[in-house]
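pasting a predicted model and its sequence here:
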Amino acid sequence: MIGVRYSLFRRQFRDGKKEEVTILEYQTQQDKILTRIAEYYALSVAGTKIRLGSEANSENIRNKDFSLLQETHSNLAFSKCLYS
């Protein structure tokens, strides 16, 4: 997140009021930075959901219930592809 901090504090070029603006105010910089932030949050939420599902599956397996096994396997296989 160094890029976010840099974009918030780095100022360059002058606008119509002769004031320097932060880099984050430029559309191209927002496209670069904000998409990465959104991607981070999406992967974080998905990772938490997958972890909770795996924990529930482990608990079910301890109780001899294999109903979540196929769903957990497919979620883990998909997440391996997604995260790498």
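Received it, and whenever you're ready, just let me know what you need. What you are looking at is a predicted structure, and each value in this text was computed from that prediction instead of being measured. Numbers count the residues shown, from 1 in each chain.

can we go C-alpha only for contacts and neighbour counts from here?
Noted.

go through stretch 64-76 and flag the buried ones.
By 16 or more other CA atoms under 10 Å, the buried positions in stretch 64-76 come out as 69, 72, 75-76.

go on, stretch 32-44?
Residues of stretch 32-44 classed as buried: I33 (neighbour count, 16+ other CA under 10 Å).

next SSE after the longest helix along the chain?
What stands out as the longest helix in the chain, according to DSSP state H, is helix 27-62. Where DSSP states H and E defines the elements, the next helix or strand beyond helix 27-62 is helix 69-83.

how about the CA coordinates for that following helix, as PDB?
C-alpha atoms of helix 69-83 as PDB (Å, rounded to 0.1, in the frame of the first residue of the first chain):
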ATOM      1  CA  LEU A  69     -16.600 -32.200   1.300                       C
ATOM      2  CA  GLN A  70     -17.300 -31.700  -2.400                       C
ATOM      3  CA  GLU A  71     -18.200 -28.000  -2.000                       C
ATOM      4  CA  THR A  72     -15.000 -27.400   0.100                       C
ATOM      5  CA  HIS A  73     -12.900 -29.200  -2.500                       C
ATOM      6  CA  SER A  74     -14.300 -27.200  -5.400                       C
ATOM      7  CA  ASN A  75     -13.800 -23.900  -3.400                       C
ATOM      8  CA  LEU A  76     -10.200 -24.700  -2.600                       C
ATOM      9  CA  ALA A  77      -9.400 -25.800  -6.100                       C
ATOM     10  CA  PHE A  78     -10.900 -22.500  -7.500                       C
ATOM     11  CA  SER A  79      -9.200 -20.400  -4.900                       C
ATOM     12  CA  LYS A  80      -5.800 -22.000  -5.700                       C
ATOM     13  CA  CYS A  81      -6.300 -20.900  -9.300                       C
ATOM     14  CA  LEU A  82      -7.600 -17.400  -8.400                       C
ATOM     15  CA  TYR A  83      -4.900 -16.600  -5.800                       C
END
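
average pLDDT across that helix?
For helix 69-83, the mean pLDDT works out to 91.

now what about the lowest-mean-pLDDT helix or strand in the chain, what contacts it?
When the helices and strands of the chain are scored by mean pLDDT, DSSP states H and E, strand 11-14 comes last with a mean of 78. Residues outside strand 11-14 that contact it (CA atoms under 8 Å, 6 or more residues apart in numbering) are 19-23.
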